[in-house]
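Participant: Fold the following and give me the result.
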Amino acid sequence: MARTHSGSPVLSRGFLNDYVASGLVWSGDSYGGTLAASMTAGSVYLGGRIVRVPAVTARSFTASKDVYVDVNPDGSLTYTDNTLNAASPSLAAGSIRIAIIITGATNILNVGSVNQGQPTKLLPIASSVKYCVADSLGNRIYQTSPIGGLLSYRFTTVTYTSTSTTNGVDITALTTMPFIIPAGPSRTVKATFFANYVSHTVAVSNNHIYLREGSTILNTQIGQPAGASYIVSGIHAIYIANLAPGSYDWKASHYMQTAGTITVGNFFGGYPNFISVEYI
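Facilitator: As a prediction, the model looks like this:
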């Protein structure tokens, strides 16, 4: 760690992410009652420099919006009112995205309406894709790790079925997993696709599950159901790559070799099929 002439600590940029060091936790003041919410004080590291951010008390949010909250290099906050369940607004250079507050006509409904990057968040959602962990542009929401961690994550608990034999049909809700490698050196990442099970109505049919970038196959897992159930359980595909700084968007798709119905889902419901990418 170095110090500036003013005495403020500065970290060498190197492999560091911009990240939340403490606090900055949002909560509704009266869930289901008002459009007001408050945030605890805290700090972030931006460009290797610590930035202090004061608390926010009883801010009234715009009705019926996805409100994006970003921290600027001077510690101020930018609030961007966005159409519900629409593509995310751009993030200003040098800023960090810390929350999405989803509002109704008269209130912030419940704790699920405050998205601070948790993998379990369900809102916003567009074309079945939930903006948890990262927004639709790949900006990590409330990044807390300076050097590693989860970059992006998309999940679904809805069982997917298809009768298409087209090679490379996108799996609903897993059609996009945007993420950003920040400026600096290349970074090594691992992408994972996991499904509780893949089944087919015809035995001994090769079923491909792909990790893809556009039309490019990154890796595949091939399951060949056989026997009375025609089910392969716990199917997954993993891909490891060294990536230069920039924006990426990966997804999951499938190919059914023999005509029939392919199912990607789970036995009991409520358990996620997902794609994720993380630093390693």
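Participant: Quick one, grab the pLDDT at Ser88.
Facilitator: Per-residue confidence for Ser88 comes out at a pLDDT of 97.
Participant: Three-state assignment for it, please.
Facilitator: What DSSP: H, G, I helix; E, B strand; the rest coil gives for Ser88 is coil.
Participant: what about it, how many neighbours?
Facilitator: Applying other CB atoms under 10 Å, we find 22 residues neighbouring Ser88. (C-beta placed from N, C-alpha, C; glycine too.)
Participant: Ser128 and His236, how far apart?
Facilitator: The span separating Ser128 from His236 equals 21 Å under the rule CB to CB, to the nearest Å.
Participant: cool, and Leu91?
Facilitator: Between Leu91 and His236 the distance, using CB to CB, works out to 31 Å.
Participant: So if I had to pick from the two, which one is more boxed in?
Facilitator: Applying other CB under 10 Å to Leu91 and His236 shows that Leu91 carries more neighbours, namely 19 against 14.
Participant: Need phi/psi at the more buried one.
Facilitator: phi -100, psi 130 (degrees, to the nearest 10).
Participant: Which residues does the residue nearest to Thr78 when sequence neighbours are not counted form beta bridges with?
Facilitator: Taking CB to CB, 6 or more residues apart in numbering as the measure, Thr78 lies nearest to Asp70, with 4.5 Å between them; neighbours along the chain are not counted. When bridges are assigned using DSSP bridges, the partners listed for Asp70 are Thr78, Arg97.
Participant: is it true that Asp70 touches Ser88?
Facilitator: No - Asp70 is not in contact with Ser88 according to CB atoms under 8 Å; the separation is 10.8 Å.
Participant: Please work out the average pLDDT along stretch 135-150.
Facilitator: The average pLDDT for stretch 135-150 rounds to 92.
Participant: Buried residues, it. List them.
Facilitator: Judged by neighbour count using 16 or more other CB atoms under 10 Å, the buried positions of stretch 135-150 are Asp135, Ser136, Leu137, Gly138, Asn139, Arg140, Ile141, Tyr142, Gln143, Thr144, Pro146, Leu150.
Participant: Report the two members of those separated by the largest distance.
Facilitator: Of all pairs drawn from the buried residues of stretch 135-150, the one with the largest separation by CB to CB is Ser136 and Pro146; the distance is 24.5 Å.
Participant: How many residues are close by the residue nearest to Thr78?
Facilitator: Residues lying near Asp70 (other CB under 10 Å) number 19.
Participant: residues in contact with it?
Facilitator: With contacts taken as CB atoms under 8 Å, 6 or more residues apart in numbering, Asp70 has the following neighbours: Leu77, Thr78, Thr80, Leu91, Ala92, Ser95, Ile96, Arg97, Ile98.
Participant: Model confidence score at the second one, please.
Facilitator: Read that as Thr78. Per-residue pLDDT puts Thr78 at 97.
Participant: same question, Pro185
Facilitator: In the prediction, the pLDDT value recorded for Pro185 is 87.
Participant: now swap in Gly227 and tell me
Facilitator: pLDDT for Gly227: 48.
Participant: Check Tyr197 too.
Facilitator: Each residue has a pLDDT score; the one for Tyr197 is 79.
Participant: Any regions of the stretch 151-280 of the chain where pLDDT drops low?
Facilitator: Applying pLDDT under 70 to the predicted model, the residue ranges of the stretch 151-280 of the chain that meet it are 203-205, 223-234, 267-269.
Participant: Isn't Tyr279 up against Gly148?
Facilitator: Yes - applying CB under 8 Å, one finds Tyr279 in contact with Gly148, separated by 4.1 Å.
Participant: which residue ranges form the strands in the stretch 151-280 of the chain?
Facilitator: With DSSP state E, counting those that start in this stretch, the ranges of strands along the stretch 151-280 of the chain come out as 160-162, 169-170, 177-181, 187-200, 207-213, 216-223, 231-243, 246-256, 262-265, 273-279.
Participant: Out of those strands, the one nearest Ala63 is which?
Facilitator: strand 177-181 (28.0 Å).
Participant: And the closest one, what does it pack against?
Facilitator: Contacts defined by 3 or more CB pairs under 8 Å, 6 or more residues apart in numbering; DSSP states H and E place strand 177-181 against strand 150-156, strand 187-200, strand 246-256, strand 273-279.
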